[in-house]
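# From the sequence below, what's the structure:
(one chain, ligands or ions: 1)
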Amino acid sequence: MKNKNKAVWGTRFNKATSKIFEKFGASIDIDKRLFEEDIFGSIVHTQMLVKQKIISKKRGSKIVNGLKKIRGEIRKNRFSFDKKYEDIHLNIEKRLFSIIGEDAGYLHIARSRNDQVITDFKLWIKKSSKEVTKNLENLIKSFLQKSEKNIQTIMPGFTHLKNAQPISFAHYLLAYVEMFKRDRKRFVNNIDYINECPLGVGALAGTSYKIDRNFTSKKLGFKKPTNNSIDTVSDRDFALDFLSSASICAMHISRFAEELIIWNSDIFKLVKLDDKMLTGSSIMPQKKNPDPAELIRGRAGKNFGSLQAMLTTMKGLPLSYYKDMQEDKALVFESYDTLLESIIIANELIKSLKPNKERMFSLSNEGYTTATDFADYLVQNNNLSFREAYKISAKLVNYAEKNKKKLNQLNFNEVKKVKNNLDKKVMNVFNVRNSVNFKTSYGGTSTKNIKKMISKLKKEFK
Ligand code: ARG
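Below is the predicted model:
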């Protein structure tokens, strides 16, 4: 049988791979992004083979030097990637042969591409999760800075997009800080799951060589080697954890983006964005559009899509390795790129955001936002049940609505129409600033609470 196939695995093939499949099956355009991790993994694997006396020191050094040379070439953009060699692992191995000759053939002792690829990928996801957390920390800091300047900025809080109760704008911003903190923690926690080293499980069954998996695990920065060789090459949970955390984070950022779009509208006019974060229209000269926020909102779908795609890929796969799983890299890389950009742009948006304080304040007096405060007053001062108080307050709202007045525009005599024997101090409840400061329960919007929370958070995110 004449060997016409030049692939590393081509020995038993008497035909070259069809060009059309070669292009279809190659992942090099995508997984070349793993080159640092791939070379790092190969160097450590070689060191282990030498330490265990599986290959000679001399051969080991030759391999390591060759790998370092390749790393230099790729870093300097002097490496030519070839689809013929499928993926990053085989492109590097092929090049190693051309640099050091047949000694390159000793590198792949006691490993398979199956354990190699997840080692690379886990290392990459660890590194990238750290990059996400760093950027989330920056975002949190920007939100904290904006909060600090807006403790006294009163706005209506919404439910159902209807004015609900007065809140501090800072309290609203701190709500996002809590979401981003949890997002950050998700990426940090994922590291715990990812922290087991796959290298050395081979194709799926383990290996007969006397390898030292603890050595490679430690050198590569993992906590311990994985326990089960079959699970190891089949597992893509770690990619799903990343994709799911990215989706949740993208969803949070998208909600913020959506609020900016609404608040920046000509109807709401609650915030202004800096010109550098807006775009114009090619036909309507007056327009200034919040495109960056819209793109953040639009791109969240890509994060969700990657998660869905990965789950779907995995749900019907028997154990252990199948080529389906090669698709994992494109999904994770795309999700990472999308998320990181969204975080960075969200950071620019929050920095460039100016609240329209007068408008916020005046809107907070619209929609009878202190009606609940009035009911609470009646419970606390007139010995009523909440349901009784609720009815009386509803009557006052009806009266105000009929007479086209806001609650803070009513006088004492008008208020007394719905309830006699009231003290004059009841009038304090219709002041939105008081309303905010009444909310002293832990986690509530009172100025005192917010100040405490900001100083606590600032210590956490220095
Ligand atoms: N490029 C492949 C992937 O990402 C590497 C693993 C190849 N293993 C195999 N049995 N063909 O999944």
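# okay, CA-based contacts and neighbour counts for the rest of this
Fine.
# where does stretch 53-60 sit relative to the chain's centre, distance-wise?
Offset of stretch 53-60 from its chain centre (C-alpha atoms, centre = their mean, to the nearest Å): 43 Å.
# Tell me which residues of that stretch come out buried.
54-55, 59-60 (16 or more other C-alpha atoms under 10 Å).
# Mind putting those into JSON lines with pLDDT and distance to the ligand?
JSON lines is the format used below for those (pLDDT from 0 to 100; distance: C-alpha to the nearest ligand atom, whole Å):
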{"residue": "Ile54", "pLDDT": "98", "distance to the ligand": "23"}
{"residue": "Ile55", "pLDDT": "98", "distance to the ligand": "24"}
{"residue": "Arg59", "pLDDT": "98", "distance to the ligand": "25"}
{"residue": "Gly60", "pLDDT": "98", "distance to the ligand": "23"}
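# Nearest to Val233, out of those: which one, please.
Ile54 (23.4 Å; C-alpha to C-alpha).
# how about the closest one, what does it touch?
Contacts for Ile54 (C-alpha atoms under 8 Å, 6 or more residues apart in numbering) come out as 209-210.
# Just confirm Ser335 is within a strand.
No. Going by DSSP: H, G, I helix; E, B strand; the rest coil, the assignment for Ser335 is helix, not a strand.
# you'd agree it is up against Ser245?
No. With contact defined as C-alpha atoms under 8 Å, Ser335 does not count as touching Ser245 (10.2 Å).
# Indicate whether the lengthiest helix in the chain makes contact with the ligand.
Under DSSP state H, the helix in the chain containing the largest number of residues is helix 113-148. Yes. Residues of helix 113-148 contacting the ligand under C-alpha under 6 Å from any ligand atom: 113-114, 117.
# and which of these is nearest to Asn77?
Using C-alpha to C-alpha, Val117 comes nearest to Asn77 of the residues of helix 113-148 next to the ligand, at 22.1 Å.
# what does the helix or strand of the chain with the lowest mean pLDDT rub up against?
When each helix and strand of the chain is scored by mean pLDDT, DSSP states H and E, helix 19-25 comes last, with a mean of 87. Outside helix 19-25, the residues that touch it by C-alpha under 8 Å, 6+ apart are 83-84, 86.
# Just name the closest of these to the ligand, please.
Glu86 (6.9 Å; C-alpha to the nearest ligand atom).
# Excluding chain neighbours, what is closest to that closest one?
Using C-alpha to C-alpha, 6 or more residues apart in numbering and skipping residues adjacent in sequence, the residue nearest Glu86 is Ala26, 4.2 Å away.
# mind listing what that neighbour touches?
83-87.
# So what touches whichever helix or strand comes after the longest helix of the chain?
Once helix 113-148 ends, the next helix or strand along the chain (criterion: DSSP states H and E) is strand 154-159. For strand 154-159, contacts defined as C-alpha under 8 Å, 6+ apart pick out 163-169, 357, 360-365, 369, 432-433, 436.
# Kindly report the same for stretch 403-422.
365-368, 370-371, 382, 392-393, 395-397, 400, 424, 427, 430-431.
# Secondary structure element for Lys354, which one?
Using DSSP H and E, Lys354 falls in strand 353-355.
# and what of Asp231?
helix 229-234.
# quick one on the thing from earlier: also near the ligand: which of the contacts of Ala26, exactly?
Within the contacts of Ala26, those near the ligand by C-alpha under 6 Å from any ligand atom are Asp87.
# before we move on, what SS does the residue of the chain found nearest the ligand have?
Nearest to the ligand, among the residues of the chain, is Gln326, at 3.7 Å (C-alpha to the nearest ligand atom). On the three-state scheme (three-state DSSP), Gln326 is labelled helix.
# Could you report the neighbour count for it?
The local packing of Gln326 (other C-alpha atoms under 10 Å) involves 16 other residues.
# contacting residues for it?
Ser27.
# ok, which residues in the stretch 201-350 of the chain are in contact with the ligand?
So far as C-alpha under 6 Å from any ligand atom goes, the stretch 201-350 of the chain lies against the ligand at 323, 325-326.
# what about the strands in this structure?
154-159, 162-168, 196-197, 224-225, 271-273, 353-355 (DSSP state E).
# buried subset of the contacts of strand 154-159?
Using 16+ other C-alpha under 10 Å, the buried members of those are 163-169, 357, 360-361, 363-365, 369, 432-433, 436.
# Quickly note the distance from Gly280 to Phe256.
Applying C-alpha to C-alpha, to the nearest Å, the value for Gly280 to Phe256 is 22 Å.
# These two - which one has more neighbours?
Phe256 (20 against 14).
# Model confidence for the more buried one, exactly?
Note on Phe256: pLDDT of 97.
# got the contact list for it?
Contacts for Phe256 (C-alpha under 8 Å, 6+ apart) come out as Tyr176.
# what do you get if the cut-off is 7 Å, keeping everything else the same?
By C-alpha atoms under 7 Å, 6 or more residues apart in numbering, Phe256 lies in contact with nothing.
# so what's Thr226 closest to, chain neighbours aside?
Glu196 (5.1 Å).
# And the pLDDT for Lys2?
pLDDT recorded at Lys2 is 57.
# whoops, Thr232 was the one
97.
# residue contacts, it?
Going by C-alpha under 7 Å, 6+ apart, Thr232 touches 198, 226.
# where in the stretch 301-450 of the chain is pLDDT low?
Within the stretch 301-450 of the chain, no stretch has pLDDT under 70.
# And the helices in it?
328-352, 357-364, 371-382, 386-402, 412-416, 432-438, 447-460 (DSSP state H, counting those that start in this stretch).
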